[in-house]
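Q: Here you go, sequence then predicted model.
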Amino acid sequence: MQIELKQVSKTYSTDNVTYIKALQKIDLTIRPKDFITIVGANGSGKSTLLNAIAGSATIDEGSIEFDGKPVQKLAVHQRSKYVARIFQNPLSGTAPSLHVIDNFRLAALRTKVKLPFIGNTKKFEEQVANTIQQLGLGLENKLHQPMGSLSGGQRQALTLLMAVQDTVRVLLLDEPTAALDPKSANIVMQTAQKLIEQQQLTAVYITHSLADAAQYGNRIIEMKNGVIAKDIAGEEKKLLTAAHLAAWFA
Amino acid sequence: MFYISALALGSCLATMAIGVFLAIKIFKIPDITTDGSFTLGAAVTAVALQAAVPVWCVIPLVLLAGAAAGFLTAFIHTRLKIDALLAGILVMTALFSVNLGIMGRSNIPLINETHLFSTENGIPQAYKPVVIGTVLVLILIVLLFGFLLTDFGIAMRASGDSATMSEANGVNNSTMKQVGLAISNSFTALAGFLVTQYQGFADVNMGVGIVITALGSVLLGDALISFLGIRNMALQLVCVVLGCWVFQLVLALALSLGVNPIFLKGITAVMVLLIVAFTRFKSKSYAN
Ligand SMILES: Nc1ncnc2c1ncn2[C@@H]1O[C@H](COP(=O)(O)OP(=O)(O)O)[C@@H](O)[C@H]1O
Ligand SMILES: [Mg+2]
């Protein structure tokens, strides 16, 4: 799916005196199967950009189109048909009181109508257990435990798998590993890369890790004060190393 | 035999406790439409019975009326972006006039009307409210439990548990709140239906402060759930019914010890205060 932002602006104000221009006339075309990494200092507008695409931040100006269809007026739950999200807070993508299996059931219906029929069958359960097994964390034995009894790293890894339970074309990842220990972070990023490759997803990945930014994706964007300062793709991106990126921030 | 009448009242109020438990603990909406929707259920019951509507046909009417009240609160809350508590107070206040309008006067006694507790069915008169009320609430629990296990039910529970997660998975949280409060208040109205027949009249003031009784029952039920570590939803709902019974028993005990009935509402409030004070340090739930 192609996502097109035209002249998108977003200004925040908490006191009506000071105004923060989180996004300033952003023009950006995310082409199908792009895997974009986004880097930039804290407060440069990276999260706001993803929130604008997903609908959790309403934009003040400009337009956002999914495959040529304007979506500015669509709510988050409506846009979730097209985009799946992984949040910076590893607990945000799952419902803590619900059992692991119920979380997966809802994720499997992300783009569908939730009917008053029981869909949580033995067959569905087996399917989910098989999916979860690939993480190698033994979570397939915890399907009937509340999601809240698992660690942040485990929940973030499951959020990723939940994202691909239903048809998905775009994955938005906002610092998915920032709050995780190195081992969990590794599991999450490897799972993410595998899913993006296998399912040929369009992905946007915000990170502070310059090593990750250099390693992943076919395109890299640097944000600065609400504007896109750099946008590098193709061969030029391939040649970028973490050291090059570090120089951007020097 | 004060405890028989306490259990009777507890059984009649149990569906309300279930309704408020749903709103507060499952859907996480502080809804206090309760006072109004309880009396609404009573008003519809009294007027329908007077018009000789068969009692089994009164039930769907009562449920619909309660659902409409709950929907209205949720609609005001979600569409007009008004705080849920304020939306509840607004609807509760407006319902006072609606209820008076439905009843045509402030009190309707049931004298010759046949109703649930007046018909002869082999159950001793004193136990009728307990038996019939309990059977009714158990049926409701089974239906509700089944409903919460469905895909739609999962969406509802997720919506109350984590709004971010649910909307990211295509759930319209506003719709869920509307359906949730409709269900919750239809249960509350059903308690009004039972209490009207139990006490033999409907009064436009009978719902005043009833939300506190519901809250106390829910808190007691919730304390029992945490204490026993119960995770099964059906059993949790049963605990809420037990909470409702215990609440009425303690109230009745206080009265039997010679407390002046004038202070009933005051005791109710103090009891809830004590329950809150004792349980809030121990309540454990999963942080978001
Ligand atoms: N909900 C909000 N309310 C007020 N200001 C906000 C809000 N979200 C973000 N901002 C501000 O907008 C700017 C960009 O934030 P953000 O997009 O989160 O940056 P980043 O993700 O790059 O660290 C920051 O100055 C931030 O303080
Ligand atoms: Mg951010």
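A: Happy to help now that I have it. Numbering: from 1, shown residues only, chains lettered A, B, ... in the order given. Ligands and ions are numbered 1, 2, ... in the order given.

Q: Could you tell me how far the top helix by length along chain B lies from the centre of the chain?
A: Criterion DSSP state H: the longest helix present in chain B is helix B:173-199. Centre-to-centre, helix B:173-199 and its host chain are 6 Å apart (CA atoms, centre = their mean, to the nearest Å).

Q: in that helix, what's buried?
A: Buried positions in helix B:173-199, judged by neighbour count with 16 or more other CB atoms under 10 Å in any protein chain shown: B:173-174, B:176-199. Every residue, glycine included, has its C-beta placed from N, CA and C.

Q: quick one: the strands in chain B?
A: B:107-109, B:201-203 (DSSP state E).

Q: Just name the most buried of these.
A: Mean neighbours per residue, mean count of other CB atoms under 10 Å in any protein chain shown, is largest over the strands of chain B for strand B:201-203, with a mean of 21.

Q: Which neighbouring elements make contact with it?
A: helix B:34-50, strand B:107-109 (3 or more CB pairs under 8 Å, 6 or more residues apart in numbering or on different chains; DSSP states H and E).

Q: Can you give the strand pairings for that strand, parallel or anti for each?
A: strand B:107-109 (antiparallel) (DSSP bridges).

Q: what does the partner strand contact?
A: B:43, B:46, B:47, B:50, B:200, B:201, B:202, B:203, B:204 (CB atoms under 8 Å, 6 or more residues apart in numbering or on different chains).

Q: repeat for stretch B:165-176
A: A:54, A:75-78, A:80-81, A:84-85, A:92-95, A:103, A:106-107, A:109-112, A:114, A:162, B:27, B:74, B:78-79, B:155-156, B:158-160, B:163.

Q: Weed out the non-buried ones from these.
A: Members of these classed as buried by 16+ other CB under 10 Å are A:54, A:76-77, A:80-81, A:84-85, A:92-95, A:103, A:106-107, A:109-110, A:114, A:162, B:27, B:74, B:78, B:155-156, B:158-160, B:163.

Q: So which of those sit within helices?
A: A:54, A:76-77, A:103, A:106-107, A:162, B:74, B:78, B:155-156, B:158-160, B:163.

Q: Can you tell me which of those lies closest to residue B:242?
A: Comparing those against residue B:242 with CB to CB picks out residue B:160 as the nearest, at 22.5 Å.

Q: What distance do you get for the closest one to residue A:162?
A: When distance is defined by CB to CB, to the nearest Å, residue B:160 is 19 Å away from residue A:162.

Q: Once you drop chain neighbours, what's closest to residue B:116?
A: residue B:197 (5.1 Å; CB to CB, 6 or more residues apart in numbering or on different chains).

Q: residue contacts, the residue of chain B found nearest ligand 1?
A: Going by CB to the nearest ligand atom, ligand 1 is nearest to residue B:164 of chain B, at 13.4 Å. Counting by CB under 8 Å, 6+ apart, residue B:164 touches A:87, A:92, A:93.

Q: 6 Å instead, please
A: Counting by CB atoms under 6 Å, 6 or more residues apart in numbering or on different chains, residue B:164 touches residue A:92.

Q: Distance of it relative to residue B:173?
A: In terms of CB to CB, residue B:164 sits 10 Å off from residue B:173.

Q: cool, residue A:243 as well?
A: Counting by CB to CB, the gap from residue A:243 to residue B:173 is 46 Å.

Q: about what we covered before: next, the angle helix B:34-50 makes with the longest helix of chain B.
A: 50 degrees (axes from the mean of the first three to the mean of the last three CA atoms, to 10 degrees).

Q: what does the stretch 1-150 of chain B have sitting close to chain A?
A: Residues of the stretch 1-150 of chain B found near chain A (CB under 6 Å from any CB of the partner chain) are B:149, B:150.

Q: Do you have the helices of the stretch 1-150 of chain B handy? List them.
A: Taking DSSP state H, counting those that start in this stretch, the helices of the stretch 1-150 of chain B run over residues B:2-21, B:34-50, B:55-79, B:84-103, B:128-149.

Q: Out of these, indicate the one that is most buried.
A: helix B:34-50 (a mean of 28).

Q: Packing partners of it?
A: Packing partners of helix B:34-50 (3 or more CB pairs under 6 Å, 6 or more residues apart in numbering or on different chains; DSSP states H and E): helix B:55-79, helix B:84-103, helix B:173-199, strand B:201-203, helix B:210-228.

Q: hmm, try it at 8 Å
A: Taking 3+ CB pairs under 8 Å, 6+ apart as the contact cut, helix B:34-50 packs with helix B:2-21, helix B:55-79, helix B:84-103, strand B:107-109, helix B:173-199, strand B:201-203, helix B:210-228.
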